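Student: show me the folded form of this:
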Amino acid sequence: MSTLLGQKSPSHAHGFKMPRKLDIENALGKFDDNCTNSVFTKDSCQTFDSLPLPKKPSDWLPQYKEKGQTYMEFLQLSRTLHTKSSSHRKSIYLTVFGQIDNTIFDIDSLIDYTQRTMNLINGKSRIFNLRTRYSEKPKRSQICVTAILNLFKKIVSDDARYLIALTMYDPYSDDEDLFIAGLSMGNCRVGAFSLYRYDPYLTFNQSD
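Tutor: Next up, the predicted model:
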């Protein structure tokens, strides 16, 4: 749904505070450009864009007072990924469900970049049957994301840090869902995310 020129952006939810530069730096943690174990540096901090204003009242921030999360809080929620028993899990597995339209998303470049930066190798292709549905209102096929995650929990390799699926399907979880962008089960090391709504040629009503 396009925004009319000159239309005023909706305000954030009551009580929400825009993060300041100092807030962002504190959330990331201490910087140490000379330490190879440091996750973030001052240079990497500059790559974080300012939080944009909401475009419509149905966006997330006009409706919810988002607290935010620091990097250390994130690690605490992902304790199973940072234990001695999981220290051997150093591989990230990336897979694709269905065909990816390269005119919309260059999946080959993503795979090439991931392989070069994380020292990954190509795996074998496998065929699976998954639950799908045809949604009458938006008139498109959708894939059940929980079916993907339940399958992944059975096949995820023991050396996998994470097993991630990308798809051009519009996913859903519960039958009453119109759609969801994706879903993960951090403690099970699996996740699935959709690229469908990144298609620049798609238009949506607020109800879609």
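Student: count of neighbours near Lys153?
Tutor: Lys153 has 13 neighbours, counted by other C-beta atoms under 10 Å. Every C-beta, even on glycine, is put in place using the N, C-alpha and C of the backbone.
Student: show me what contacts it?
Tutor: 185, 188, 190 (C-beta atoms under 8 Å, 6 or more residues apart in numbering).
Student: tell me the phi and psi of it?
Tutor: Here is the backbone geometry of Lys153 (degrees, to the nearest 10): phi -60, psi -30.
Student: element containing the residue lying closest to Ile111 once chain neighbours are set aside?
Tutor: Leaving aside its chain neighbours, Ile111 sits nearest to Leu94 (6.6 Å; criterion: C-beta to C-beta, 6 or more residues apart in numbering). Using DSSP states H and E, Leu94 sits in strand 91-97.
Student: run through who's touching that strand.
Tutor: Strand 91-97 is contacted from outside by 107, 110-111, 114, 118, 120, 123, 130, 143, 148, 156-157, 159-167, 169, 192, using C-beta under 8 Å, 6+ apart.
Student: inside strands: which ones of those?
Tutor: Using DSSP state E, the members of those that fall in strands are 143, 160-167, 192.
Student: give me the buried entries from the contacts of strand 91-97.
Tutor: Taking 16 or more other C-beta atoms under 10 Å as the criterion, what is buried in these is 107, 143, 148, 156, 160-167, 169, 192.
Student: any chance of these in a markdown table with distance to Gln46 and pLDDT as columns?
Tutor: Below are these laid out as a markdown table (distance: C-beta to C-beta, whole Å; pLDDT from 0 to 100):
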| residue | distance to Gln46 | pLDDT |
| --- | --- | --- |
| Ile107 | 28 | 74 |
| Ile143 | 37 | 79 |
| Ile148 | 36 | 85 |
| Val156 | 35 | 88 |
| Ala160 | 32 | 83 |
| Arg161 | 27 | 82 |
| Tyr162 | 27 | 83 |
| Leu163 | 32 | 87 |
| Ile164 | 27 | 87 |
| Ala165 | 31 | 87 |
| Leu166 | 28 | 86 |
| Thr167 | 32 | 84 |
| Tyr169 | 35 | 81 |
| Ala192 | 31 | 90 |
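Student: out of the residues you listed, which comes closest to Trp60?
Tutor: Nearest to Trp60 among these: Ala192, at 20.4 Å, using C-beta to C-beta.
Student: just checking, the closest one touches Ala147?
Tutor: No - Ala192 lies out of contact with Ala147 (C-beta atoms under 8 Å); the separation is 9.3 Å.
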